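# kindly return the folded structure for what I paste below:
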Amino acid sequence: MEKTSIAIAIAGSGGSGVITTGSLLLEAAGRAGWYGQMTRSVGAQIRGGEAVAMLHLATRPVRGVADGFDLLVALDWQNLARYAAEMPLGPGSLLVGDSELGDAPAELRASGAALAGVRFRELAQTVPGGRPNMVAFGLVAEIIGLPIEVLHAVIERAIAVKGTRALEASLHAMQSGRAAAAALPVLTLPPRPAACSSSRWRISGNQATGLGAVRGGVRFVAAYPITPATEVLEWMAPALEQIGGQLVQVEDELAAINQIIGASYGGVPAMTATSGPGLSLMTESIGLSVASETPVVVVDVMRGGPSTGIPAKSEQADLNIALYGLHGDAPHIVLAPNSVADCLFTTQWAVHLAETLQSPALVLSDQLLGQTQAVIDPPPTIDFATRRLLADADVVAARGARYERHANTPSGVSPMALPGMKGCQYTADGLEHNTAALPSSQADDHTQQLDKRLRKLTDHDYGAAWADVEGDGELALITWGSCTGVAREAVERLRSNHGRARMLSLRLLWPPRPEEMAKALAGVKRALVVEQSHGAQFLHYLRAHYVLPPEVASLRRPGPLPLRPAEITQRLLEEIA
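Numbers count the residues shown, from 1 in each chain. Alright, predicted model coming up:
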């Protein structure tokens, strides 16, 4: 089978610039016609310490992480053994390290990869200001055949602002790396891609999330920085300024959630972005959003847990708190993007659903999606025609009746008044209430409002976007979020081996859609549930809310090690056998 992709890892200690090198290589590869993505892995200290940039380049859109790495370039060996499990190598791989800094760790040598030495520091020092990471940039670029004019353009864009000397030093170091590549063993490479379409995007999941929020109509963001969600805020701050919006960095997550509820109460679509620890702090006020029927969007870029957990690693372990973490019966919307590009659509959809249904909407991204940079074809532009149902003061006055903020309408969605609307005053608080928003402890009022808040979510028509349903056969792979890309790749490989399976990736996690799921699973006899959690949270959720096939197997693993296409394909073959 012809090779269609190549996976590259660049590793080094804190300050060596490996993440920058990976970003520049991804940009250059994209300009040269490759699709690709770059994921990152850093230590528990978040800043400083060892780091790895991991690239997966292909001649077709890249769906997720590769099975293993063809090339690992190590600028030094400091603590690199900690990442051995995250950088699987094999006998066909090439491991390049600085020959002045000793031997590669035993964990990497045991892989059977070919070893080669390059004096990165010595080559960088041949010109004042030269840096080893730019030597590595040139080395990798030459190995995969990136055109010299593309390399010059990328370096000039990134370095020119630092002055002529820095630019010349970087170009010289890059050329030294290109020359050093001639002495290395030859790697088997995929065919070079066709000329690049200039319309392709290079974007991260966090940036796509911010763009989706803006397209959805969000004009106010309040948030407290937290890894790995901070880039959402960094992208949105200048973007909101350009369109008349505002981002406020607040003192903590409690202030963030309450400020966006206040902004939304005033009529401005509002959002915050956080990670698991921040979501824990927000849960009480998300309940206020449910009770007062005030729309807000909360993006949770999940990381390893519990507690502070592993801030810079990915895990899908916030599912339970997102679904069930609010006290009392508090129906709300929970969505999950399944790719970098889908972060845009799903967040925009979340704003639309929150505004339309006057409900909090939680978006479960994760570190793997959020911090991955990808070269992609531009996602389609979608206009949801989002409009919050507002009260009409003239109609209220004509009826001569008290304004009923929580009127028990057939849809469950009641006209919402904005502050200052004559005759439409009401109090929005966390107490249970009657239709006029007056506090009530009466059983009938409580039951009516519980039914209303649930009905408006369960009776809404979410359309086909509730899940991606692909393929056919008696075996189904059911997954969600960042596991979708590798699951899709595994199902395609199964098909090439004359096997058949369907894939279901749920985008709408709450409310459940049992009728839609029954149609998607019609004729399925066995299912494999794929997720990145230790306690099979997704599997238990499915069993609680859906009728599953007679035979259900689970493939799960907690972070930080991602699931890879080959192991999923193998499990699918075992289920068929």
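# from residue 512, how far out is the nearest residue to residue 532 once chain neighbours are set aside?
With sequence-adjacent residues excluded and distances taken as Cβ to Cβ, 6 or more residues apart in numbering, residue 532 is closest to residue 316, at 4.4 Å. Using the backbone N, CA and C atoms, a C-beta is placed for each residue, glycine as well. As judged by Cβ to Cβ, to the nearest Å, residue 316 and residue 512 stand 18 Å apart.
# comparing the two, which residue is more hemmed in?
Ranked by neighbour count (other Cβ atoms under 10 Å), residue 316 and residue 512 place residue 316 first, with 24 against 18.
# against residue 533, how distant is the more buried one?
5 Å.
# now residue 205
19 Å.
# so the spatially most central residue of the chain is in which element?
Nearest to the geometric centre of the chain sits residue 369, at 2.7 Å (Cα atoms, centre = their mean). Secondary-structure assignment from DSSP states H and E places residue 369 in helix 367-370.
# how distant is that helix from the center of its chain?
Between the centre of helix 367-370 and the centre of its chain there are 4 Å (Cα atoms, centre = their mean, to the nearest Å).
# now do it, average pLDDT.
For helix 367-370, mean pLDDT is 98.
# what's the answer for stretch 253-260, then?
98.
# over to stretch 211-226?
Computed over stretch 211-226, the average pLDDT equals 98.
# need the distance between the two termini of that stretch.
Terminal residues of stretch 211-226 lie 19 Å apart, using Cα to Cα, to the nearest Å.
# and what of stretch 389-396?
14 Å.
# just for this protein, where's the confidence low?
Along the chain, segments meeting pLDDT under 70 span 1, 44-48, 196-197.
# quick one: the residue lying farthest from the centre of it from residue 111, how far?
Here the centre of the chain is the reference, and by Cα atoms, centre = their mean the most remote residue is residue 400, at 49.9 Å. Counting by Cβ to Cβ, the gap from residue 400 to residue 111 is 80 Å.
# any idea how the chain splits into domains?
Per the record, the chain has its domains at 5-183, 202-376, 389-458, 463-576, by automatic domain parsing.
# looking at these, which is nearest to residue 189?
Nearest of these to residue 189, taken as Cβ to Cβ: domain 5-183 at 6.0 Å.
# the strands in the stretch 201-350 of the chain, which residues?
201-204, 220-223, 246-249, 270-274, 296-302, 333-335 (DSSP state E, counting those that start in this stretch).
# can you say which of those is nearest to residue 540?
Closest approach to residue 540 among the strands of the stretch 201-350 of the chain is made by strand 333-335 (14.9 Å; Cβ to Cβ).
# in this structure residue 290 contacts residue 327, no?
No. Here residue 290 lies out of contact with residue 327, judged by Cβ atoms under 8 Å, at a distance of 10.2 Å.
# looking at these two, which one has more neighbours?
A count of neighbours by other Cβ under 10 Å puts residue 290 above the other of residue 290 and residue 327, at 21 against 9.
# distance of the more buried one from residue 107?
49 Å.
# list the contacts of residue 78.
Shown in contact with residue 78 (Cβ atoms under 8 Å, 6 or more residues apart in numbering): 12, 13, 50.
# do I have it right that the residue nearest to the centre of the chain meets residue 336?
No. Using Cβ under 8 Å, residue 369 is not in contact with residue 336, being 9.3 Å away.
# quick check: neighbours shared by these two?
Both residue 369 and residue 336 are contacted by residue 481, under the criterion Cβ under 8 Å, 6+ apart.
# can you map out the helices along the stretch 301-450 of the chain?
With DSSP state H, counting those that start in this stretch, the ranges of helices along the stretch 301-450 of the chain come out as 319-324, 340-357, 367-370, 393-399, 443-458.
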